[in-house]
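> dropping a prediction and its sequence here:
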Amino acid sequence: MPIRASALPRVPPLFAHLALVVALIAIAVSAVPHARAADPGRPGRADELLVRYRSTSTPAQRREVARLYGLTGLGADASGRTEVVVAPGRSPAAVERKLRADPAILAVAPNHRRELALDPSAEPEIGEEWGMRNTGQRIVGIEDVAGSSGVDIDGLEALRYGVGSSNVVVAVIDDGIDFNHPDLGQRAWTNPGEAGALGANGIDDDGNGYIDDVNGWDFCNDDNTVHDPGEDGHGTHVAGTIAASLDGQGVVGVAPGVRLMALKFIDDSVQCGLDSMAVEAIDYAASFGIRIINASWGGEAPSTVIDAAIASSGALFVAAAGNDGRDLDRSDGYRFYPASSNLANVISVAAIDQTGHLAEFSNYGRRSVDLAAPGTNILSTWPADGDCSAWCYAWNAGTSMAAPHVSGAAALVASHRPSLLVDPIGLRARLMARGRTMPATAGLTVTGRMLNVLRVID
């Protein structure tokens, strides 16, 4: 039962018996490090140099510097005086020494990445988020379990290098998001074609076929209400894992600076959760150029139509592997779709517990499930319902909660490296290759790794 953050009791997993069965997950919470000073030695890009030209330099002189030292510009400020450059095939240190001696240049240095002067410990429940940082603390959530120190995604460490860009949007195809929750209100994506007064005029101002679709759409009820009172706990929980705000209250998401598009297609009614609704939601996200989609749901039946929508979406499609505790590689034919779809832009996510073992409920597969992420005793945002008159935080468990850890990580790395936002295959490869090897999951997933956000953004 979800409750307010002041008490935070256990909450049972939420189940939906629909055409597509929601694969539930829970958010895990971690202990909190103290804020620390910026690390000037941490490189943003190993080969990049930051050049500051003298105010007296001319564009012609700057072009001559580039020609003389074989520089390639990666971007400059509006004045042209400060530019990020690389010297392909040459030692950055050697080029730096030569540039320092050039009379047109005021200063040159490696393009370091700096830490924010923020303290995630300001979030009251951060010590419960073991998935973000695990010091071995005991979590009394769905289960009373002590963790193993270091079994986490290094989420708090990653946030010291940025909280994510508001230009990066994650589409949450689920059962709705309660943006009235104070940890989610600032994270809502807004349709620019329906913003402000346009969002309540009853007109399809942007001509996309959806009237007043301000924050997304409810494909289940065919309206613009992306949260229905008393419903949408699952999607709200998923949303908090991805992007709950770093605001001094409650919990914090993996990428608390990105935006969330709410695409509801499933609830407790039998007329919802249909493949047709899922496809429409995927197409809707694609129409706005959304490049990361979270899918914490699935079912045993494959769908070539869903596969076609995913393949043409241009997005990284993060899919929960399912909660049946089964090997998805077995010859008996059991699969869980869309996680089992053999598509280059789908990443299938298993659930790992706070001791570093595969969660007993999690599906797995050495050839079909890509990596693991926290999925037991997960604390996240919860909407107002019969157990909570306003807003709450609740524990949950399942691969549904593992997937949004990966979606948040994808959004965070895309904020640091925008080129990956339009390269879902490259983004997927980076998430998989830069995870932490876990002995207990070796042979159970493609990588045998657990998501590690810090390594992914580095």
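Perfect, thanks for sending it.
> quick one: find the helix or strand in the protein with the lowest mean pLDDT.
Lowest mean confidence among the helices and strands of the chain (mean pLDDT, DSSP states H and E): strand 21-22, at a mean of 38.
> buried residues in the helix or strand just after that strand?
Sequence-wise, the next helix or strand downstream of strand 21-22 (DSSP states H and E) is strand 49-53. Buried residues in strand 49-53, counted by 16 or more other C-beta atoms under 10 Å: L49, L50, V51, Y53. (Each C-beta comes from the backbone N, C-alpha and C, glycine too.)
> P59: which of those residues is nearest?
Nearest to P59 among the buried residues of strand 49-53: Y53, at 9.7 Å, using C-beta to C-beta.
> the closest one and G356, how far apart?
Distance, Y53 to G356, by C-beta to C-beta, to the nearest Å: 50 Å.
> next one: T82
With C-beta to C-beta as the criterion, T82 and G356 are 45 Å apart.
> more crowded one of those two?
G356 (19 against 15; other C-beta atoms under 10 Å).
> that one against M450, yeah?
Yes - using C-beta atoms under 8 Å, G356 is in contact with M450, at 7.5 Å.
> who touches both of those two?
V151, M438, T441 (C-beta atoms under 8 Å, 6 or more residues apart in numbering).
> reformat those residues as CSV; add neighbour count, secondary structure and pLDDT.
Output for these, formatted as CSV (neighbours: other C-beta atoms under 10 Å; DSSP: H, G, I helix; E, B strand; the rest coil; pLDDT from 0 to 100):
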residue, neighbour count, secondary structure, pLDDT
V151, 24, coil, 80
M438, 20, coil, 94
T441, 23, helix, 92
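> okay if I get those residues as JSON lines plus distance to A188?
Output for the shared contacts of G356 and M450, formatted as JSON lines (distance: C-beta to C-beta, whole Å):
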{"residue": "V151", "distance to A188": "32"}
{"residue": "M438", "distance to A188": "35"}
{"residue": "T441", "distance to A188": "35"}
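> any idea where the helices of the stretch 351-458 of the chain begin and end?
399-416, 424-433, 453-457 (DSSP state H, counting those that start in this stretch).
> do you know which of these lies nearest D178?
Nearest of these (C-beta to C-beta): helix 399-416, 15.3 Å.
> send the alpha carbons of that closest one over as PDB?
Coordinates of each C-alpha in helix 399-416 appear next as PDB, following Å, rounded to 0.1, in the frame of the first residue of the first chain:
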ATOM      1  CA  THR A 399      11.400  -5.700 -14.500                       C
ATOM      2  CA  SER A 400       9.000  -2.700 -15.100                       C
ATOM      3  CA  MET A 401      11.200  -0.800 -12.700                       C
ATOM      4  CA  ALA A 402      14.500  -2.000 -14.000                       C
ATOM      5  CA  ALA A 403      13.600  -0.700 -17.500                       C
ATOM      6  CA  PRO A 404      13.200   2.900 -16.500                       C
ATOM      7  CA  HIS A 405      16.600   2.900 -14.800                       C
ATOM      8  CA  VAL A 406      18.000   2.200 -18.300                       C
ATOM      9  CA  SER A 407      15.700   4.800 -19.900                       C
ATOM     10  CA  GLY A 408      16.900   7.400 -17.500                       C
ATOM     11  CA  ALA A 409      20.600   6.400 -18.200                       C
ATOM     12  CA  ALA A 410      19.900   6.700 -21.900                       C
ATOM     13  CA  ALA A 411      18.500  10.100 -21.400                       C
ATOM     14  CA  LEU A 412      21.400  11.200 -19.300                       C
ATOM     15  CA  VAL A 413      24.100  10.000 -21.700                       C
ATOM     16  CA  ALA A 414      22.100  11.600 -24.600                       C
ATOM     17  CA  SER A 415      22.200  14.900 -22.700                       C
ATOM     18  CA  HIS A 416      26.000  14.600 -22.500                       C
END
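> report the angle between it and helix 424-433.
Angle, helix 399-416 to helix 424-433, by axes from the mean of the first three to the mean of the last three C-alpha atoms, to 10 degrees: 110 degrees.
> for the closest residue to P256 other than its chain neighbours, the count of nearby residues, please.
In space, and not counting its chain neighbours, P256 is closest to L246: 4.3 Å by C-beta to C-beta, 6 or more residues apart in numbering. Look at L246: counted by other C-beta under 10 Å, it has 23 neighbours.
> could you check the pLDDT of L246?
pLDDT, L246: 91.
> which ones are touching D353?
With contact taken as C-beta under 8 Å, 6+ apart, D353 is in contact with V145, A359, G375, T376, N377.
> distance of the closest residue to A359 other than its chain neighbours relative to D212?
Nearest residue to A359, sequence neighbours excluded (C-beta to C-beta, 6+ apart): A351, at 4.0 Å. Applying C-beta to C-beta, the value for A351 to D212 is 37 Å.
> so those two - more neighbours on which side?
Between A351 and D212, counted using other C-beta under 10 Å, A351 has the larger neighbour count: 34 against 19.
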